[in-house]
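Enquirer: I'd like to go over a predicted model; first the sequence, then the structure.
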Amino acid sequence: MNPLGRFSPATFVVVLAVYLFYTGSVSEYDIVTGSIVALIVSFLVGHWLVRNESKFFSPRRWFYAIVYGLRYFIIEETKTHIDVAKRIFTLRANPGIVRIPLDVKSDYGKVLVANSITNTPGTIVVDISDDGKWLYVHWIDVSTLNEREVKENVVAYFEDYAKKIFD
Amino acid sequence: MKRDAVVAFSFLIAFLFIAYAVTARNVLGLGGTELRPLGEFYLSHSFAHEGLTSHSPEVVTAIVWNYRGFDTLFETFVFFLAIMGALSVLRLDGEQLRQARELEATMPHRKMDLIVRATTKLVVVMIIAISASIALHGHLTPGGGFQGGSAMAVAALLLFAAFSKFTLERKGLTLRHTISAYAVGLALILATVLAPVFLYGGKILEINLLPGEAGLFNLDVGEYTAVTFGFLTVFLVLGIPEWVFKNVLRRELND
């Protein structure tokens, strides 16, 4: 493959951002060395990390990502923490593993949905099918076995945002 | 279970006792806040503009690489000898390597699921950036080549676990490449150590003769490369499963 064609600007930005964030200063030296490291990394593994560059630089996707981050970490996390805290005191639990269909296409989108589910208390992603179309989720309160209702309860709006951000 | 508790508890008691003896009773003579003459020398000379200086605000790195540089240099070469020893005991020649590949390919391959793979990709790229930051600021802030290289080796181990040695070799990370990169790192260290002798007529490792912080910077970058690829070389060699190894070597005996 043409080595110049393998350059990935998105990877460059990610690596440089992590480098500067970890270093904790933005001097000339930091920017020069960070850019060199980011160049090397993006030439070596960029094509393997990011497939579609234009997606990364789309402001609309970043906007949805920020809205999702705020909504998820502030509202959804609080709601589920309160729910699980109540269950600890009342000992009301009906645990089980449910299977949930995934519509989101891209790998990172699937990872976002799976990690969002795992990060909320009460639900944990146990496995993903080999074709990536089904999630197996351990759920603390299996109140229904209807596929659509299960999805509404466990996945909520995660997948809608995952589609908007990554697909 | 009970024995574990006893072991843990006795360790705790031992550490508390040592901490008490060292800090409160000053058994080793390390306590006190007065500055010793040696400490004063390091603090006043590491970042001076003349005399026996390393031109480095980071005193620890200045001590490690410059004031006791011979020690570190020989540590680097002990590490080199260890890797060369591992390679000469465990190496396979061309034909044997081919056989080992074939045997490895017959093993059942089960990929990690895509969540693990996608997350590992991101995390590995971040670890690379952070390890580079540790190594490239080794002459300015705490850290340095060895620490950065070790962090980088963790990234390689993560790749081994989430993908496989087989995949990495197919993508081009072969033993030949890692050994070459390792040699480049060692060459940079050696060149920096010898440069004062040939360019400025100084002594070996007299890197304060080099302009600015170039001496310590070069040594840190060289050590970063050498440690990263030294570890990678060992991982690649040890990554061949034992039964494959023994099969290949035994076949050689039978011929």
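Expert: The structure has been received and is ready for your questions. Residues are numbered from 1 along each chain as shown, chains lettered A, B, ... in the order given.

Enquirer: so who does the residue nearest to the spatial centre of chain B touch?
Expert: Nearest to the geometric centre of chain B sits residue B:227, at 3.4 Å (Cα atoms, centre = their mean). By Cβ atoms under 8 Å, 6 or more residues apart in numbering or on different chains, residue B:227 lies in contact with B:79, B:145-146, B:148-150, B:152-153, B:185. (C-beta placed from N, C-alpha, C; glycine too.)

Enquirer: Check residue A:45 too.
Expert: By Cβ under 8 Å, 6+ apart, residue A:45 lies in contact with A:11, B:121, B:125.

Enquirer: Try it again at 10 Å.
Expert: Residue A:45 makes contacts with A:6, A:8, A:11, A:15, B:121, B:124-125, B:128, B:159, B:171, as judged by Cβ atoms under 10 Å, 6 or more residues apart in numbering or on different chains.

Enquirer: try residue A:86
Expert: Residues in contact with residue A:86 (Cβ under 10 Å, 6+ apart) are residue A:92.

Enquirer: Scan chain A for its longest helix.
Expert: Ranked by number of residues, the top helix in chain A under DSSP state H is helix A:28-49.

Enquirer: Beyond that one, next helix or strand please.
Expert: Once helix A:28-49 ends, the next helix or strand along the chain (criterion: DSSP states H and E) is helix A:53-56.

Enquirer: for chain A, what are the nearby residues on the stretch 151-255 of chain B?
Expert: B:159, B:171-173, B:213, B:217, B:221 (Cβ under 10 Å from any Cβ of the partner chain).

Enquirer: Is it possible to get CSV of the residues you listed that adds secondary structure and pLDDT?
Expert: What follows is those, written out as CSV (DSSP: H, G, I helix; E, B strand; the rest coil; pLDDT from 0 to 100):
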residue, secondary structure, pLDDT
B:159, helix, 89
B:171, coil, 80
B:172, coil, 80
B:173, coil, 84
B:213, coil, 78
B:217, helix, 87
B:221, helix, 91
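
Enquirer: which one of those has the most neighbours?
Expert: Scoring those on neighbours with other Cβ atoms under 10 Å in any protein chain shown, the highest-scoring entry is residue B:217 at 25 neighbours.

Enquirer: Work out which residue lies at the spatial centre of chain A.
Expert: Geometric middle of chain A (Cα atoms, centre = their mean) lands on residue A:112, at 2.2 Å.

Enquirer: Does it touch residue B:122 like I think?
Expert: No. Using Cβ atoms under 10 Å, residue A:112 makes no contact with residue B:122, being 11.4 Å away.

Enquirer: Appreciated, that's everything.
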